[in-house]
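In: Predicted model follows, preceded by the sequence.
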Protein chains: 2
Amino acid sequence: MIDNPYYSQALHGPYELFDLGDFALESGGTLRQAKLAYATFGTLSAARDNAILITTWFSGTSKIMEQAYVGAGRALDPAKYFIVIVNQIGNGLSTSPNNTPFPGGMANFPHVTIGDDVRAQHKLLTEKFNITTLALVFGASMGAQQTYEWAVRYPDMVQRAAPVAGTAQNTPHDFIYAQSLIDAITSDPAWAGGWYTHPNAVREGLRRHSRLWAVMGFSTELYKQESWRALGFSSVDDFLLNLLDATFLPMDPNVLLCMAWKWQRGDVARHTGGDLKAALGRIKARTLVMPISTDMFFVVPDMEAEQKLIPNSQLRVLNTLWGHIGVMGVDPGYLAQFDAAVGELLATPV
Amino acid sequence: MIDNPYYSQALHGPYELFDLGDFALESGGTLRQAKLAYATFGTLSAARDNAILITTWFSGTSKIMEQAYVGAGRALDPAKYFIVIVNQIGNGLSTSPNNTPFPGGMANFPHVTIGDDVRAQHKLLTEKFNITTLALVFGASMGAQQTYEWAVRYPDMVQRAAPVAGTAQNTPHDFIYAQSLIDAITSDPAWAGGWYTHPNAVREGLRRHSRLWAVMGFSTELYKQESWRALGFSSVDDFLLNLLDATFLPMDPNVLLCMAWKWQRGDVARHTGGDLKAALGRIKARTLVMPISTDMFFVVPDMEAEQKLIPNSQLRVLNTLWGHIGVMGVDPGYLAQFDAAVGELLATPV
């Protein structure tokens, strides 16, 4: 374990830890004394029928999900709902390569899948909170992968699902993009096969990784219109340094690699021998599939093709120039569209 | 100079060399005893009115342009036209980092611009062939940058212009993408500041560069439909290895870097103090602007925005799943659309 102040209560808390015990993974590995880091907002009703689960994206933690999506007067309002935000395994706060003691940490950390996350989250919700019904599962990007996995794996438990900017079955192109992120990090000699002396030593690999998000994470039109000026940046270089690099460079390389591997293999059709239609056909949740109009890798047609296989579903495109990274909520127009759509979804009886 | 059998008459010929003499560059450098490598097809008419110039894209040579676009019964038919294909400076065949003797080669090779290319090509056409009118200038990608530069710089000489999958003014997003290609190569320790012992030693950097074309060069839908099967590849890995890696790994790293720097700075508005509208307004050529429907970086809206600023112009979207790399002509449907459009353009009197 290497001390990295980025993954701390100070920066990402407050969060609680739920003890999963020794947790067997789909890949064959076992996480020993595994923990899920989570945060809750609001109060569980006596009928236990107002619970909402929020999952996290690649590199994200419960903090950004709270800041971007949870609040008084918002669709996800703690005055109405008991909201549980769970950090995905491997994200640096839940059990991860950076916080697992010898010999299981760093490069020895086992491969984790979206299915592992959802089983662990199910354990948390049922055992800790005695929740058997979820009014909504919402997640964006890798959080959408978890959302779909929830709806397919536990169809009787999920009343509504809101996957944003992510797919039930990862696409071949997405796999290749994620691989370029992996290669950017592992090609840094300082990565040293995962046994770096300090995460910050891998700064060049992390910087290249960050700059691939600059290529794929926004949209051509955003750069052309210099929409970053609205956030107070003075030039495109200033924007990339102080938004993207500032976000990614403090992170742990093995943590990012763990999530990228998981992202590449997200696929609900595992449950049905590779038959995606059969897997999505299992979903009972009222599902609102929400691509981002300018997303360059979870593109609208890919999300729409899946939506058409989900019985009780609708497509709602969220319009923003911010591309995939729009999920971070920097565009108020995007958040307004999200709140309107999810507010409607929650108001619809199931 | 390092011997690299990739840049040879055997693989890319036959081509001729035109002596530019000492050629002063816009960046302030000078290419000493500079040469343009070019190939011609067909016969110049007595009236010298049937000349067509074809330019080359990033990493391309005259050979691929001939193979993909020139032929009997095609729009660009040597039976009708005198076709000159000119290799861009820095592409490995014309004067380039790999073929320039000490001290001007490798990392010392000066920065070259699209304007330099077009001035050099003008010298070749006027001095060698006494051509004062071009029935058509056609180029794709960086070749489109040269096409626009021709139409703006020598408006009275260019009767028709057909820029495919490229812009007159490079976009900020494109700059960032090209930078990721540069970073992929220069981050390889074997690159050694441009003083590698042998181009093949930079294989890891070249491979990462190749795989960024896998991310941005095709389309999500192409991968989804596994369109690569039509070319005889057996898996996506087989496809990426034997199409992309096979294309890029034999190349010279400094050659690619020279072209990427040039690509980033393509901008006809240099001629008009930054006023793109004024620059494009100078064009007298009948211009057919041809984006590729699925291009991820020279996107349709960016090309359309420029087309609207060109007086005598039309937009014609070329539909293919092959994305930007569609320019290589692997999709017969794309070539048929190109031939129909350019055939029409050539048949239209000016």
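Out: Happy to help now that I have it. Since we're looking at a predicted model, the values are computed, not measured.

In: quick one: which helix or strand includes A:T40?
Out: strand A:30-41 (DSSP states H and E).

In: again but with A:R207, I slipped
Out: helix A:203-216.

In: how far out from the middle of the chain is the strand holding A:T40?
Out: Taking CA atoms, centre = their mean, to the nearest Å, one finds strand A:30-41 lying 15 Å from the centre of the chain it belongs to.

In: Now do it: which elements does it pack against?
Out: Based on contacts counted as 3 or more CB pairs under 8 Å, 6 or more residues apart in numbering or on different chains; DSSP states H and E, the elements that strand A:30-41 packs against are strand A:16-24, helix A:62-69, strand A:82-86, helix A:114-123. No exception for glycine: its C-beta is placed from N, CA and C like everyone else's.

In: quick one: strands adjacent to that strand?
Out: Applying DSSP bridges to the sheet, strand A:30-41 is found paired with strand A:16-24 (antiparallel), strand A:82-86 (antiparallel).

In: Could you export stretch A:238-248 as CSV, CA atoms only?
Out: Output for stretch A:238-248, consisting of C-alpha atoms alone and laid out as CSV, is shown next (Å, rounded to 0.1, in the frame of the first residue of the first chain):
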residue,chain,number,x,y,z
ASP,A,238,-5.3,25.9,-19.6
PHE,A,239,-8.5,23.9,-19.8
LEU,A,240,-6.8,20.5,-20.5
LEU,A,241,-4.3,21.1,-17.7
ASN,A,242,-6.6,22.4,-15.1
LEU,A,243,-9.6,20.3,-15.8
LEU,A,244,-8.4,16.9,-17.2
ASP,A,245,-4.8,16.7,-15.9
ALA,A,246,-5.8,18.1,-12.6
THR,A,247,-8.5,15.3,-12.4
PHE,A,248,-6.4,12.4,-13.5
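
In: Name the residues that touch that stretch?
Out: With contacts defined as CB atoms under 8 Å, 6 or more residues apart in numbering or on different chains, stretch A:238-248 is touched by A:59, A:206-207, A:209-211, A:213-214, A:217, A:228, A:231, A:233, A:256, B:176.

In: Quick check: which of the helices and strands packed on strand A:30-41 is buried the most?
Out: strand A:82-86 (a mean of 25; mean count of other CB atoms under 10 Å in any protein chain shown).

In: Write out the residues of the stretch 201-350 of chain A neighbouring chain B.
Out: Residues of the stretch 201-350 of chain A lying close to chain B by CB under 8 Å from any CB of the partner chain are A:204, A:208, A:211-212, A:214-216, A:218-221, A:223-224, A:226, A:236, A:240, A:296-297, A:299, A:301-302.

In: and with 6 Å instead?
Out: A:208, A:211, A:214-215, A:220, A:223-224, A:236, A:299 (CB under 6 Å from any CB of the partner chain).

In: residue contacts, the residue lying closest to A:L124 once chain neighbours are set aside?
Out: Leaving out its chain neighbours, the residue that sits closest to A:L124 by CB to CB, 6 or more residues apart in numbering or on different chains is A:F18, at 4.7 Å. Contact partners of A:F18, counting by CB atoms under 6 Å, 6 or more residues apart in numbering or on different chains, are A:36, A:124, A:128.

In: all strands for the stretch 251-350 of chain A, in order.
Out: A:286-289, A:313-315 (DSSP state E, counting those that start in this stretch).

In: I'd like to check what contacts stretch A:200-210. Which residues are they?
Out: Looking at what lies outside stretch A:200-210 - CB under 6 Å, 6+ apart - the contacts are A:181, A:184-185, A:188, A:190-191, A:196, A:244-245, A:248-249, A:253, B:183.

In: With stretch A:61-71 instead?
Out: With CB under 6 Å, 6+ apart as the contact definition, stretch A:61-71 has outside contacts at A:12, A:15, A:39, A:41, A:54, A:76, A:83, A:85, A:87, A:93, A:329.

In: Ends of stretch A:260-275, what's the gap?
Out: Separation of the first and last residues of stretch A:260-275 by CA to CA, to the nearest Å is 24 Å.

In: One more: stretch A:310-327?
Out: Start-to-end, stretch A:310-327 (CA to CA) is 23 Å.

In: contacts for it?
Out: A:140-141, A:165, A:217-219, A:221-222, A:227, A:280, A:283, A:286-296, A:304, A:307, A:331, A:334, A:337, A:341.

In: swap the cut-off to 7 Å and go again
Out: Judged by CB atoms under 7 Å, 6 or more residues apart in numbering or on different chains, the contacts made with stretch A:310-327 from elsewhere in the structure are A:57, A:140-141, A:164-165, A:213, A:217-219, A:221-222, A:225, A:227, A:280-281, A:283, A:286-298, A:300, A:304, A:307, A:330-331, A:333-334, A:337-338, A:341.

In: List buried residues within the residues you listed.
Out: Neighbour-count burial within the contacts of stretch A:310-327 applies to A:57, A:140-141, A:164-165, A:213, A:217-219, A:221-222, A:227, A:280, A:283, A:286-298, A:300, A:307, A:330-331, A:334, A:337-338, A:341; the criterion is 16 or more other CB atoms under 10 Å in any protein chain shown.

In: Tell me which of the residues you listed fall in helices.
Out: A:213, A:221-222, A:280, A:300, A:307, A:334, A:337-338, A:341 (DSSP state H).

In: Grab the nearest non-local neighbour of A:L309.
Out: Sequence neighbours aside, A:L280 is the residue nearest to A:L309 in space, at 4.1 Å (criterion: CB to CB, 6+ apart).

In: Test my guess that the one you found contacts A:E306.
Out: Yes: using CB atoms under 7 Å, A:L280 and A:E306 qualify as a contacting pair, with a distance of 6.3 Å.

In: Now the common contact residues for these two.
Out: Shared contacts of A:L280 and A:E306, defined by CB under 7 Å, 6+ apart, comprise A:A168.

In: and the most centrally placed residue in chain A, what is it in contact with?
Out: A centroid search over chain A (CA atoms, centre = their mean) returns A:W57, at 1.7 Å, as the residue closest to the centre. Contacts were defined as CB under 7 Å, 6+ apart; by that measure A:W57 touches A:140-143, A:327.

In: Recalculate using a threshold of 8 Å.
Out: Applying CB under 8 Å, 6+ apart, we find A:W57 in contact with A:139-143, A:166, A:327.

In: And A:P110, by the same measure?
Out: Listed by CB under 8 Å, 6+ apart, the contact partners of A:P110 are A:25, A:27-31, A:104.

In: re earlier: please export the alpha-carbon coordinates of the helix holding A:R207; CSV is fine.
Out: Presented in CSV, the C-alpha positions along helix A:203-216 are these (Å, rounded to 0.1, in the frame of the first residue of the first chain):
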residue,chain,number,x,y,z
ARG,A,203,3.0,11.2,-14.3
GLU,A,204,3.8,10.9,-18.0
GLY,A,205,1.7,7.9,-18.5
LEU,A,206,-1.1,9.5,-16.5
ARG,A,207,-0.8,12.6,-18.6
ARG,A,208,-1.0,10.7,-21.8
HIS,A,209,-4.1,8.9,-20.4
SER,A,210,-5.6,12.3,-19.5
ARG,A,211,-5.0,13.7,-23.0
LEU,A,212,-6.8,10.7,-24.6
TRP,A,213,-9.8,11.9,-22.7
ALA,A,214,-9.2,15.2,-24.3
VAL,A,215,-9.4,13.5,-27.7
MET,A,216,-12.5,11.3,-27.0
